[in-house]
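Undergrad: My questions concern the predicted model and sequence given below.
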Amino acid sequence: MKRVATFAVAVFMILTGATASFASNPPAKITAAHASAPQDIPSVHILAGSDINLLSSSSAIPIRIQNDFDMDVRVQVHAIAENGRISVPEAIEVTVPAQTAITAKLPVQATGVGNVDLQVWLETFSGLNLNSKATLHINVNPGAETVILIGFTATVAILLTFGVIRTLRKRRGAAA
């Protein structure tokens, strides 16, 4: 029953074009990495975002990074999951242009189903931690991709079958 509900929500979102903006309307659950630092000091930090739904067995999680400095900064994005439902193979390297924000794509592998808190932080190449950890909340359901594909295929097959049957009945009725 839970899979049917997940499938229905996913189909609704696909049909209505609903998307979650990673940078707008940050929920209270996600902690800002630089909440205790004064706002007038430039920094490189992770921007808060919305909850993420991971529907495939491997994907790239979007991480918004803001650079307040007047020059480009190269950082490493590290992450670790609170449980074994997601594994992060390695840190990624990102160059953030001056006075801008970019979206880094952190590759992950889904190994289970359920909710996961992913701790994300930035480091320099010398190992200096640039800020405190940010928490991203992820709903992992790697089987949903297969369920959606099978459901879509079944729906198309059923509609095609009914269309062929209807057309054949009309031809038989017109011929008689």
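TA: That came through fine.
Undergrad: Show me the residue at the heart of the protein, geometrically.
TA: By C-alpha atoms, centre = their mean, the mean C-alpha position of the chain lies nearest to Ile52, the distance being 4.3 Å.
Undergrad: For the chain, which residues score under the pLDDT cut-off?
TA: The chain contains residues with pLDDT under 70 at 1-40, 144, 176.
Undergrad: where along it do the helices fall?
TA: Applying DSSP state H to the chain gives helices spanning 2-16, 144-175.
Undergrad: hmm, back to that, could you double-check that the residue nearest to the centre of the chain sits in contact with Asn141?
TA: No - if you go by C-beta atoms under 8 Å, Ile52 and Asn141 don't touch, sitting 11.4 Å apart. Any C-beta I mention is one placed from the backbone N, CA and C, and that applies to glycine too.
Undergrad: what bridges to Ile92?
TA: Counting by DSSP bridges, Ile92 is bridged to Val77.
Undergrad: wait, it sits on Gln76?
TA: Yes - with contacts counted by C-beta under 8 Å, Ile92 reaches Gln76, the gap being 7.0 Å.
Undergrad: List the contacts of Asn139.
TA: Contacts of Asn139 were listed using C-beta atoms under 8 Å, 6 or more residues apart in numbering, and they are 51-54, 114-116.
Undergrad: Top of those by number of neighbours, please.
TA: Leu54 (24 neighbours; other C-beta atoms under 10 Å).
Undergrad: Please determine how far Leu160 is located from Val147.
TA: Taking C-beta to C-beta, to the nearest Å as the measure, Leu160 falls 20 Å from Val147.
Undergrad: who's more crowded, these two?
TA: A count of neighbours by other C-beta under 10 Å puts Val147 above the other of Leu160 and Val147, at 17 against 10.
Undergrad: Check the spacing between the more buried one and Gln109 real quick.
TA: In this view, Val147 and Gln109 are 19 Å apart by C-beta to C-beta.
Undergrad: same deal with Ile138?
TA: For Ile138, the distance to Gln109 (C-beta to C-beta) stands at 12 Å.
Undergrad: what residues are shared contacts of these two?
TA: Ile86.
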